[in-house]
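Enquirer: would you be able to build a 3D model of this:
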Amino acid sequence: MTTPGHYRTETLDMIAVHRALLGSLDAAPTLVAKAIEDPERTDAVGSFFENVLEFLHVHHAGEDELIYPRLGGEQGRTGEDR
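Expert: Residues are numbered from 1 along each chain as shown. Down below sits the predicted model:
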């Protein structure tokens, strides 16, 4: 587990991250439909969404570890505890 340092977290960056994730997930129906029509794109689209979902997991794990305890949430709570 990473020990949080003594630094000021810039939460405005979270807006960009959330917009990127939402934009990627919102695009899924269109990208998947086009991949079905063009099998050569299937691997690329699948790989893209594997990366998006992994990043989403890492992002939420970071929030659980660094953000929520500072907001007065459950101490030590992890994604597996929910």
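Enquirer: contacts only, for the most centrally placed residue in the chain.
Expert: Centre of the chain computed as the mean C-alpha position; nearest residue by Cα atoms, centre = their mean is residue 56, 1.7 Å away. Listed by Cβ atoms under 8 Å, 6 or more residues apart in numbering, the contact partners of residue 56 are residue 21. All C-beta spots, glycine's among them, are computed from the backbone N, C-alpha and C.
Enquirer: burial count for residue 52?
Expert: Residue 52 has 17 neighbouring residues, counting by other Cβ atoms under 10 Å.
Enquirer: how close does it sit to residue 28?
Expert: With distances taken as Cβ to Cβ, to the nearest Å, residue 52 is found 9 Å from residue 28.
Enquirer: which parts of the host helix or strand of the residue nearest to the centre of the chain are buried?
Expert: Residue 56 belongs to helix 42-62 when elements are defined using DSSP states H and E. By neighbour count with 16 or more other Cβ atoms under 10 Å, helix 42-62 contains the buried residues 45, 48-49, 52.
Enquirer: all helices for the chain, in order.
Expert: Secondary structure of the chain (DSSP state H): helices at 12-26, 28-37, 42-62.
Enquirer: read off the pLDDT value for residue 32.
Expert: Taken from the predicted model, the pLDDT recorded for residue 32 is 93.
Enquirer: wait, what's in contact with it?
Expert: If you count contacts by Cβ under 8 Å, 6+ apart, residue 32 has them with residue 45.
Enquirer: where's the residue lying closest to residue 24 once chain neighbours are set aside relative to residue 11, distance?
Expert: The shortest distance from residue 24 to any residue other than its chain neighbours is 4.7 Å, reached at residue 52 (Cβ to Cβ, 6 or more residues apart in numbering). Per Cβ to Cβ, residue 52 is found 21 Å from residue 11.
Enquirer: same check, this time on residue 56
Expert: 18 Å.
Enquirer: mean confidence for the helix holding residue 56?
Expert: For helix 42-62, mean pLDDT is 94.
Enquirer: next, count neighbours for residue 39.
Expert: 8.
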